[in-house]
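Colleague: Structure for this input, please:
(chains A and B)
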Amino acid sequence: MALAKRRFDTLILGAGGAGLRAALQLTNADARVAVVSKVFPTRSHTVAAQGGVNAALANVVPDNWHWHMFDTVKGSDYLGDQDAIEFMCREAPKIVYELEHSGVPFSRLDSGKIYQRAFGGQSQNFGGAQAARTCAAADRTGHAILHSLYQQNIRAKTHFFDEFFAIDLIHDDEGAILGALVLEIETGEPILIEAKTTLIASGGCGQLFRTTTNAHINTGDGMAMVLRAGIPLQDMEFFQFHPTGIAGKGMLITEGARGEGGYLINKDGERFMERYAPNAKDLASRDVVSRSIATEIREGRGCGPNADHVMLRLDHLGSEIVAKRLPGIRDTCKTFLHLDPVDSPIPVFPTAHYVMGGIPTDRSGRVVSPVRHGPEEVIHGLYAAGECACVSVHGGNRLGGNSLLDILVFGKAAGQDIIETLKEQPNHRPMNNASVEKAMARLERWDQTGKGESVGTVRDALKQTMETHCGVFRQEDVMAEGVDALKEIRERLKNVYLTDTSKVFNTARIEALELENLVDIGMATMKSALARQESRGAHSRIDFPDRDDKQWMKHSLYFLEDDRLDWKPVRTKALTVDTFPPKARVY
Amino acid sequence: MNSTSIKLSVYRFNPDVDSKPYQQEFNVEFQAGMMLRDALLDIKKQDESFTFRHSCGEGVCGSDGVNANGKNCLACITSVEDLGTSIVVRPFPGRPVIRDLVVDMSQFYQQYKDVKPYLVRKDPMPEVEILQSPEDRDKLDGLYECILCGCCSTSCPSFWWNPEKFHGPAALLQSWRFLADSRDQLTDERLDALEGPYKLFRCHSIMNCVDVCPKGLNPTKAIGHIKQLMLKKAI
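Modeller: Sure, this is the predicted structure:
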């Protein structure tokens, strides 16, 4: 049967916040847009974001974008690119007002303005008093934003391909991206979607780890596609462990819980963050709080019979605050722990949450790679935005409330730039059959039957390896063993076969394709982490406990071919303001 | 079978190989705190051809709606303990089955789209946020939290009988979500579009929707509010 083909101006892979914000921009500019998502759009993981989106609206206390920029640069441990950070923080108020206008049911202050809460790493006046910069819809902000964006896309009549899985990018011999081969999950039939521009907005890869706040779908599909197209991934050693996942289970308890006044205690009932971050205490940066929790546990001050977690106290806040501001996490605690945080503390542990690294882009969302001349050459026709991308605004550590902001600002910026590109390049480039055949081969590999291992077994081995060898604290020999373990997993993957090769809604086949993606991203993470011999942001080396700006204030680039690494400088020059030079990072 | 084992009878149908659907039994080892989704994942480990949708695992994405022991629920937040040691799992009633527990929800989504589920503002937008009092914002609580899982509509007899004509509880809840929003300016058009004997008025307050909603929302009450507003506008 001939391969079915569709043609659009723009193909967007992923229907989370970044993909939907870009789609809205493009559809409203009369571009023909196809949004491909492996799940119905409102199932995308943006839906699970809780605490809120940062913008210096100054609705509660004085604030401005420049303070937000300072906090973000400091939070990134000076690895973030300051031009992109300035752009994001300046755009933030506008993007939040746009969201509000599009229907997001933000919580409100008595003044009728958008409610803002305190979050980690936020300050007034460049490191002064705590700011309140996070715009919230109770503790369901991601849900509220994702649904509103989908609703506005319904209004705009965006073309959706729901439950279609992207197999691979299609490119020509010059490396220009021509679209993607996708699989209709319901029928099991592949379709070639040709596009003048392709935006990858496929989200993160938290399924690398055994205990994670991330959904089943967060398998880094777009990031792995980019690797296979010969483009590197940037800063993959920086993976955020959220301080407060439910211990042993992984469900997220928003940082907003501490923003509303909650705090952490060890087995002695001590508010231990006072020792690690005397000023910000429980609202220090996430990397700092996660390390502090891990240290408390390592030193024997953990709670419970196995001393393997700490407690988050909210019981002093009163039921009104919890019911009004944190209803979602209250439900989660009741469902999964059979406790009400109004009465009892919540057992928590640092849990894999967010990948700071990703597909290297500039601040227009254009994918950049060292192809021939410089480190940041634009890949023709390819964009990336959201968690899968690395602009980089988060550097070594992302601040809470900056990820919803990132996806919206750069989703929109990518959409805007694509509109310009479509004007300049109104025609499709010729299709490249060799590239299509290669993508088809990736799909057909899973039609082979044989005797071997199952997807589930190898996936479990991968997650265990990542957790054991590349967690909160890292060291040379453990990670070197991790690289060997991943090489072995790569070999084992060749001997994995499906027992079910049927066509219709075959989720086993999807999980096999996802596992292939995860294995490559796991290697990118482990290799990059092994190479960086310093501690910066979320990357904490026991054997190299200090930050080393002389040698290591640079971005890593991992290439799939030969598991090769390269480096490029941090963009320290901001757009209009002075550079924030690296300083010791205390909270 | 020992005491830590539970028995699940799951609906199976793969159009590629089966001529008709059947129930298949699996034994799953019970773990403390086990949710129905965990049990279904265990079955998938035993037989990778077993198929169901799921993702977030914490009741916010709305993917894993199923019918367990005769009642619609989200598998990830339904405790196995509450279901007992013998559990019958079937796809949502009244929807075409694609495979096993996966049903075709396109009509459900169409009904959602039909109520214009988006904020419409006719005035020019201000440079900042549209102001809304906390009291007006409170009116959206219990409405905006809908996750479009479909538990309610697919348990509604009026929806089973007239799925082409009756909007169903989920879509009507969203209709009220925008009617109740002080910022929305499409009230008359929204109400006019719900006129007639079916779209809204086919609701007979059977309240299955309220009974099954995993988020504790109340579509019947929302439908009542719409009817009241219509009446108010009519006189």
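
Colleague: Leaving out chain neighbours, which residue sits closest to residue B:201?
Modeller: residue B:227 (7.7 Å; Cβ to Cβ, 6 or more residues apart in numbering or on different chains). From N, CA and C alone the C-beta is placed, and that goes for glycine too.

Colleague: Next one: that neighbour, what pLDDT does it get?
Modeller: pLDDT for residue B:227: 96.

Colleague: For the helix or strand harbouring it, name the packing helices and strands.
Modeller: According to DSSP states H and E, residue B:227 maps onto helix B:219-234. With contacts taken as 3 or more Cβ pairs under 8 Å, 6 or more residues apart in numbering or on different chains; DSSP states H and E, helix B:219-234 sits against helix B:169-179, helix B:187-193, helix B:208-212.

Colleague: which outside residues touch the last one?
Modeller: Meaning helix B:208-212. Identification of contacts with helix B:208-212 by Cβ atoms under 8 Å, 6 or more residues apart in numbering or on different chains yields B:71-73, B:151-153, B:155-157, B:169-170, B:217-221.

Colleague: all helices for chain B, in order.
Modeller: B:36-46, B:80-83, B:106-114, B:134-138, B:157-161, B:169-179, B:187-193, B:208-212, B:219-234 (DSSP state H).

Colleague: what residues does the helix holding residue B:227 touch?
Modeller: With Cβ under 8 Å, 6+ apart as the criterion, helix B:219-234 contacts B:143, B:152, B:169-170, B:172-173, B:175-177, B:179-180, B:187-188, B:191, B:194, B:200-201, B:203, B:205, B:207, B:209-210, B:213.

Colleague: Return the most buried member of the helices of chain B.
Modeller: helix B:169-179 (a mean of 27; mean count of other Cβ atoms under 10 Å in any protein chain shown).

Colleague: and the angle for it with helix B:219-234?
Modeller: Angle between the axes of helix B:169-179 and helix B:219-234 is 50 degrees (criterion: axes from the mean of the first three to the mean of the last three Cα atoms, to 10 degrees).

Colleague: and helix B:169-179 with helix B:106-114, angle?
Modeller: Using the same axes, to 10 degrees: helix B:169-179 against helix B:106-114 is 10 degrees.

Colleague: how about the residues of the stretch 401-550 of chain A near chain B?
Modeller: When proximity is defined by Cβ under 8 Å from any Cβ of the partner chain, the stretch 401-550 of chain A lies next to chain B at A:454-456, A:498-500, A:502-508.

Colleague: Tell me which of these fall in helices.
Modeller: Short answer: these in helices (DSSP H) are A:455-456, A:507-508.

Colleague: okay, these in TSV with pLDDT and neighbour count next?
Modeller: Listed next are these as TSV, based on pLDDT from 0 to 100; neighbours: other Cβ atoms under 10 Å in any protein chain shown:
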residue	pLDDT	neighbour count
A:455	96	23
A:456	95	16
A:507	98	22
A:508	97	21
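
Colleague: Just name the closest of the residues of the stretch 401-550 of chain A next to chain B to residue A:385, please.
Modeller: residue A:507 (27.1 Å; Cβ to Cβ).

Colleague: ok, that closest one touching residue B:51?
Modeller: Yes - when contacts are counted by Cβ atoms under 8 Å, residue A:507 is listed as touching residue B:51 (5.3 Å).

Colleague: quick one: which two of the ones in helices among the residues of the stretch 401-550 of chain A next to chain B are the most distant?
Modeller: A:456 and A:507 (11.9 Å).

Colleague: Mind pulling the model confidence for the spatially most central residue of chain B?
Modeller: Centroid check for chain B by Cα atoms, centre = their mean gives residue B:150 as the closest residue, at 2.2 Å. Residue B:150 carries a pLDDT score of 98 in this model.

Colleague: Next: residue A:367.
Modeller: At residue A:367, pLDDT is 98.

Colleague: Break down the stretch 51-200 of chain A into its strands, ranges please.
Modeller: A:53-54, A:116-117, A:134-135, A:159-162, A:164-171, A:177-184, A:189-200 (DSSP state E, counting those that start in this stretch).

Colleague: Which elements pack onto the longest one?
Modeller: Yep, that's strand A:189-200 we're talking about. Strand A:189-200 sits against strand A:4-13, strand A:33-37, strand A:164-171, strand A:177-184, helix A:221-228, strand A:377-384, helix A:402-424, helix A:433-444, with contacts defined as 3+ Cβ pairs under 8 Å, 6+ apart.

Colleague: got a markdown table for those, with mean neighbour count too?
Modeller: As requested, the helices and strands packed on strand A:189-200 are arranged in a markdown table below (neighbours: other Cβ atoms under 10 Å in any protein chain shown):
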| stretch | mean neighbour count |
| --- | --- |
| strand A:4-13 | 22 |
| strand A:33-37 | 27 |
| strand A:164-171 | 24 |
| strand A:177-184 | 24 |
| helix A:221-228 | 26 |
| strand A:377-384 | 24 |
| helix A:402-424 | 24 |
| helix A:433-444 | 15 |
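
Colleague: Tell me the confidence at residue 194?
Modeller: If you meant another chain, say so; for now it's chain A. Confidence for residue A:194, expressed as pLDDT, is 98.

Colleague: Oops, wrong one, chain B.
Modeller: pLDDT, residue B:194: 96.

Colleague: Over to it: give its phi and psi.
Modeller: phi -100, psi 0 (degrees, to the nearest 10).

Colleague: number of nearby residues for it?
Modeller: 22 (other Cβ atoms under 10 Å in any protein chain shown).

Colleague: Disregarding flanking residues, what is the spatial nearest neighbour of it?
Modeller: Distances taken as Cβ to Cβ, 6+ apart put residue B:200 closest to residue B:194, at 4.2 Å, once the chain neighbours are dropped.

Colleague: Surely that neighbour and residue B:172 touch.
Modeller: Yes - taking contacts as Cβ under 8 Å, residue B:200 lies within contact range of residue B:172: 6.4 Å.

Colleague: Show me where the stretch 51-200 of chain A has its helices.
Modeller: Using DSSP state H, counting those that start in this stretch, the helices of the stretch 51-200 of chain A run over residues A:65-75, A:82-101, A:141-156.

Colleague: what's the angle from the second one to helix A:141-156?
Modeller: Right, the one you point to is helix A:82-101. Using the same axes, to 10 degrees, helix A:82-101 lies at 70 degrees relative to helix A:141-156.

Colleague: mind saving the C-alpha coords of helix A:82-101 as CSV?
Modeller: Extracted in CSV, the C-alpha atoms of helix A:82-101 (Å, rounded to 0.1, in the frame of the first residue of the first chain):
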residue,chain,number,x,y,z
GLN,A,82,21.4,35.9,29.7
ASP,A,83,20.0,37.2,26.4
ALA,A,84,17.3,34.5,26.4
ILE,A,85,16.6,35.0,30.1
GLU,A,86,16.1,38.8,29.6
PHE,A,87,13.8,38.1,26.7
MET,A,88,11.7,35.6,28.7
CYS,A,89,11.4,37.8,31.9
ARG,A,90,10.5,40.9,29.8
GLU,A,91,7.8,38.9,27.9
ALA,A,92,6.4,37.3,31.0
PRO,A,93,3.7,39.9,32.1
LYS,A,94,2.4,40.2,28.5
ILE,A,95,2.1,36.4,28.1
VAL,A,96,0.3,36.0,31.4
TYR,A,97,-2.2,38.8,30.5
GLU,A,98,-2.8,37.1,27.2
LEU,A,99,-3.5,33.8,29.0
GLU,A,100,-5.9,35.6,31.3
HIS,A,101,-7.7,37.1,28.3
